[in-house]
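S.K.: Any chance you can model this:
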Amino acid sequence: MAYGIVFVVLGLIILALVLLVIFAVGIYNRLIGLRNRFKNAYAQIDVQLKRRYDLIPNLVETAKGYMQHERNTLEAVMNARNAAYAANSKASQAPGDTSAMKELGGAETALTGALGRLFAVAEAYPDLKANQTMASLMEELTSTENKVAFARQAYNDSVMTYNIAREKFPSNVVAGMFNFNPAELFNVESPEEKQAPEVSFS
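M.R.: Below is the predicted model:
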């Protein structure tokens, strides 16, 4: 009879361990799914940022023919574009990484500021404002800016869901055991970055 009790107790312990493993696997799989979701959301940002970076050299090249005395402004835009491109390349390798996302946020803020200065200077060049190619590029850039903002919001929402899930008990135990690190939001660093540059070439 004593053996029977021992077997029952052992059976219950084994059952509890099996249930615990199944529960931990469920949490692990959920965290994997949430992490993949925010990485996919970053991929959408990446697509739009690359489109934006491709437009800027054409914009600068078009403006160069009209703004020969504004070389510093044009160079500042290209330098900011190149820095943002490099920062995005790093962030796309590790979406959610704290240093990469902060570097990207800073680079994007600088690029938006440089573009804003270019647009302000361009106001003094009526021929440039009337240029159809310039107007078309500006329209496309504004559209892309809006898509970046939308994609960034989707990414931040996904990161928030992931971070909350990994911090809650008992998920935090599994997250700690399997190195589910916190993900960084794609934050804007200045009020100007919260909105696309206003363009008026009409």
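S.K.: Now do the worst-scoring helix or strand of the chain on mean pLDDT: everything it contacts.
M.R.: Here the helix or strand of the chain ranked lowest by mean pLDDT, DSSP states H and E is helix 126-130, holding a mean of 82. Where contact means Cβ atoms under 8 Å, 6 or more residues apart in numbering, the residues beyond helix 126-130 that reach it are 62-63, 66-67, 122-123, 134-135, 201. To be clear about C-beta, it is placed using only N, CA and C from the backbone, and glycine gets the same treatment.
S.K.: Including distance to residue 56, could these go into CSV?
M.R.: Formatted as CSV, the contacts of helix 126-130 follow (distance: Cβ to Cβ, whole Å):
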residue, distance to residue 56
62, 11
63, 10
66, 16
67, 15
122, 14
123, 19
134, 13
135, 16
201, 16
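S.K.: What subset of those is buried?
M.R.: 62-63, 66-67, 122, 134-135, 201 (16 or more other Cβ atoms under 10 Å).
S.K.: Of those, which pair is most distant in space?
M.R.: Maximum pairwise distance in these, criterion Cβ to Cβ, is 15.4 Å, between 67 and 135.
S.K.: same question for the helix or strand harbouring residue 17, mean pLDDT?
M.R.: According to DSSP states H and E, residue 17 maps onto helix 2-64. Throughout helix 2-64, pLDDT has a mean value of 91.
S.K.: who are the neighbours of that helix, in terms of helices and strands?
M.R.: helix 71-93, helix 98-122, helix 132-167, helix 171-177 (3 or more Cβ pairs under 8 Å, 6 or more residues apart in numbering; DSSP states H and E).
S.K.: can we see that at 7 Å?
M.R.: Helices and strands touching helix 2-64, by 3 or more Cβ pairs under 7 Å, 6 or more residues apart in numbering; DSSP states H and E, are helix 71-93, helix 132-167, helix 171-177.
S.K.: so what does the second one touch, helix or strand wise?
M.R.: Going back to what we said before, that points to helix 132-167. helix 2-64, helix 171-177.
S.K.: between the helix holding residue 17 and helix 132-167, how many degrees?
M.R.: Orientation of helix 2-64 against helix 132-167 (axes from the mean of the first three to the mean of the last three Cα atoms, to 10 degrees) gives an angle of 160 degrees.
S.K.: Centre of the chain to helix 2-64, how far?
M.R.: 17 Å (Cα atoms, centre = their mean, to the nearest Å).
S.K.: Flag every buried residue along stretch 165-172.
M.R.: Quick answer for stretch 165-172 (16+ other Cβ under 10 Å): 165-166, 171.
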